[in-house]
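1. Please find the sequence and the predicted model below.
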Amino acid sequence: MSIDLQARIPNNVNLGDDRRLQRALEAWQPNYIHWWKELGPEGAMSFDVYLRTAISVDTNGWANFGYVKMPEYRWGIFLAEPEPDRRIGFGDHMGEKVWQDIPGEHRSTLRRLIVTQGDTEPASVEQQRLLGLTCPSLYDLRNLFQVNVEEGRHLWAMVYLLHAYFGRDGREEADTMLERHSGDTDKPRILGAFNEKTPDWLSYYMFTFFTDRDGKYQLASLAESGFDPLSRTCRFMLTEEAHHMFVGETGIMRIVDRTCGVMNELKTDDPAAVRGAGVIDLPTLQRYINFHYSVSLDLFGQEISTNAANYYTAGLKGRFHETDIKDDHKLVHAIYPVTCLEGDAIKVVEQPALTSVNERLRDDYVTDCQRGVDRWNKVIRKHGVDFELKLPHRAFHRRIGTFSSVKVSPDGRVITEADWTHHSTDWMPNEHDRAFILSLMGKAVIEPGKMANWIAPPARGINGQPIDFEYVRFN
Ligand code: BYC
């Protein structure tokens, strides 16, 4: 399973043995590089960045660090080791050998899932392309670029599957991955959250905490797939994904730490005074949480979904850690408690577990998000500040699913349109918040070891390097 790094496209799938596939991917490669130079990190193409690159998929080789110019990053195709005698773990085909090729009847469904997953990866690079210009430190700049190149690699992962298993349709889909663009009116990205802007670093940390975490849960469910190449691809992607969520969680934590430190120095909890000191007040952080959490909840689809039930029954997409769940893995008679709207009331109602798998995944996600919020609150408490960050109610500000038809406050009350119009700017980032945040992030902090005023230094550097290491060289 070693990776051929000398090949034009590094890979551990013996690409050299399949000349047609190799040629097709090599024909896509220049388009990808063109896209990266156009819509990847702005103004950063000549920088030497201290990046990790996978040179094998085992523990020794997946995180190999060194200086790289981003357009020369060795984007490649890496699948996790095959599991001997792996069997399908759920649905109608449970217990059968996993598929090494795509069963004809599942072709279009799998293509759709792979395209939806693949589309998010370049979308996030596009959303983040200007952030380098206002980075709070070299450490953060390097982390941004690491996340960006790995999202690029995740696109490669899905494009490989499309090329290798879907023939001409797959190649066409791979081309359109570079034609849709985040926020484009004519050709937008597929899922809502990937057409939102990531205009500042607070949004970026929120995105990597909340939206990348959707990635973790979706990839984990696809890692259960009976289509083994998809499963192996997603398993390796999950290894890389952990760092992205780390960037988000620690980014917010460092902001909280800095803000509370300043609040104590100034002996104030007045948001205006806190802002006056050039740091981000906690109510503003709460509004950003409300926005990014609600937009990310939408990414799990509808509460009751026949699509999701069909994916499950067909063995294409499972639940989070499917094999650890103690039930029959078929869900024909099982029930599951789903929070939904009945008339104007929000209620928990028992629903068939099979059509509720999206909601179950969302529940797993909510629990995971709450753990992160608890850790932020611990920092607030450590400073002795009287404030608690909270996840808003899951019905708040939803555009997909049962709650999209009503307006709901962060504490879960169904309210009128008029109330919503009156209060929504108190509950989500308003134009003043956005202008204030942008004003804090006017220019990049690029002196090694220095941090912008609004964020505390990280606890440690990357790969054992000191915090004042020269993570990016500008040439
Ligand atoms: N926006 O039956 P439903 C990541 C559509 S993030 C727009 O509930 P389903 C990353 C839906 O397509 C992870 N449309 O749908 C993070 C369907 O359309 P049709 C990305 C939406 O299929 C950060 C209709 O509504 N991976 O990796 O059960 C940085 C009915 O809905 C949305 C995946 O998503 C939406 N939010 O569930 C970088 C995994 N939600 O059929 C990367 C693959 C639903 O009526 N995708 N719709 O035309 C899936 O598993 C499913 O497509 C979804 C939707 C879970 C997204």
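-> Okay, I see it.

2. who in the chain is up against the ligand?
-> 113, 116-117, 120-121, 124, 151, 191-192, 211-212, 214-215, 218, 298-302, 305, 307-308, 317, 358, 400 (Cβ under 6 Å from any ligand atom). All C-beta atoms are positioned from the backbone trio N, CA, C, and that covers glycine.

3. Mark which of those are buried, thanks.
-> The neighbour count (16 or more other Cβ atoms under 10 Å) marks 113, 117, 120-121, 124, 151, 191, 211-212, 214-215, 218, 298-302, 305, 307-308, 317, 358, 400 as buried among those.

4. For the helix or strand hosting E121, which residues meet the burial criterion?
-> Using DSSP states H and E, E121 maps to helix 107-127. For helix 107-127, the neighbour count (16+ other Cβ under 10 Å) marks 109-111, 113-115, 117-127 as buried.

5. Which of the residues of the chain next to the ligand fall in helices?
-> Here DSSP state H is the test, and these give 113, 116-117, 120-121, 124, 151, 212, 214-215, 218, 307-308, 358 as lying in helices.

6. what about the helices in the stretch 301-450 of the chain?
-> Along the stretch 301-450 of the chain, counting by DSSP state H, counting those that start in this stretch, helices occupy 306-313, 357-382, 417-427, 431-440.

7. I'd like these laid out as CSV, including mean pLDDT and distance to G132.
-> Formatted as CSV, those follow (pLDDT from 0 to 100; distance: least, Cβ to Cβ, whole Å):
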stretch, mean pLDDT, distance to G132
helix 306-313, 98, 37
helix 357-382, 98, 25
helix 417-427, 97, 30
helix 431-440, 96, 15
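
8. Tell me which of these sits most buried.
-> helix 306-313 (a mean of 19; mean count of other Cβ atoms under 10 Å).

9. list the helices and strands that helix packs on?
-> helix 107-127, helix 357-382 (3 or more Cβ pairs under 8 Å, 6 or more residues apart in numbering; DSSP states H and E).

10. Now these in JSON lines, please, with extra columns for distance to R20.
-> Shown next, in JSON lines, are the helices and strands packed on helix 306-313 (distance: least, Cβ to Cβ, whole Å):
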{"stretch": "helix 107-127", "distance to R20": "19"}
{"stretch": "helix 357-382", "distance to R20": "37"}
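
11. Can you read off the pLDDT for the residue sitting furthest away from the middle of the chain?
-> In the chain, the greatest distance from the average C-alpha position (Cα atoms, centre = their mean) is reached by K267, at 36.9 Å. Looking at K267, its pLDDT stands at 97.

12. Equivalent analysis for D344, please.
-> On the pLDDT scale, D344 gets 86.

13. show me what contacts the residue lying closest to it once chain neighbours are set aside?
-> On the basis of Cβ to Cβ, 6 or more residues apart in numbering, the spatially nearest residue to D344 that is not a chain neighbour turns out to be V414, at 5.2 Å. Counting by Cβ atoms under 8 Å, 6 or more residues apart in numbering, V414 touches 341, 344-346, 395, 406-408.

14. State the pair within the residues you listed that is farthest apart.
-> A345 and K407 (14.1 Å; Cβ to Cβ).

15. From what I see, T250 and P458 are in contact.
-> Yes - with contact defined as Cβ atoms under 8 Å, T250 reaches P458; the gap is 6.2 Å.

16. which one of these two has more residues nearby?
-> T250 (21 against 18; other Cβ atoms under 10 Å).

17. if I pick D468, what's in contact with it?
-> Residues in contact with D468, defined by Cβ under 8 Å, 6+ apart, are 448-449.

18. Spell out the secondary structure type for it.
-> What DSSP: H, G, I helix; E, B strand; the rest coil gives for D468 is coil.

19. per-residue pLDDT, it?
-> At D468, the model reports a pLDDT of 98.

20. show me where the chain has strands.
-> Using DSSP state E, the strands of the chain run over 48-53, 64-69, 335-342, 345-352, 407-408, 414-415, 472-473.

21. With just CA atoms, put the second one into PDB.
-> This points to strand 64-69. Taking Å, rounded to 0.1, in the frame of the first residue of the first chain, the C-alpha atoms of strand 64-69 are listed here in PDB:
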ATOM      1  CA  ASN A  64       5.000  14.100   6.500                       C
ATOM      2  CA  PHE A  65       6.000  17.800   7.100                       C
ATOM      3  CA  GLY A  66       8.100  20.100   4.900                       C
ATOM      4  CA  TYR A  67       8.000  23.400   3.000                       C
ATOM      5  CA  VAL A  68       5.900  23.300  -0.200                       C
ATOM      6  CA  LYS A  69       4.600  25.900  -2.700                       C
END
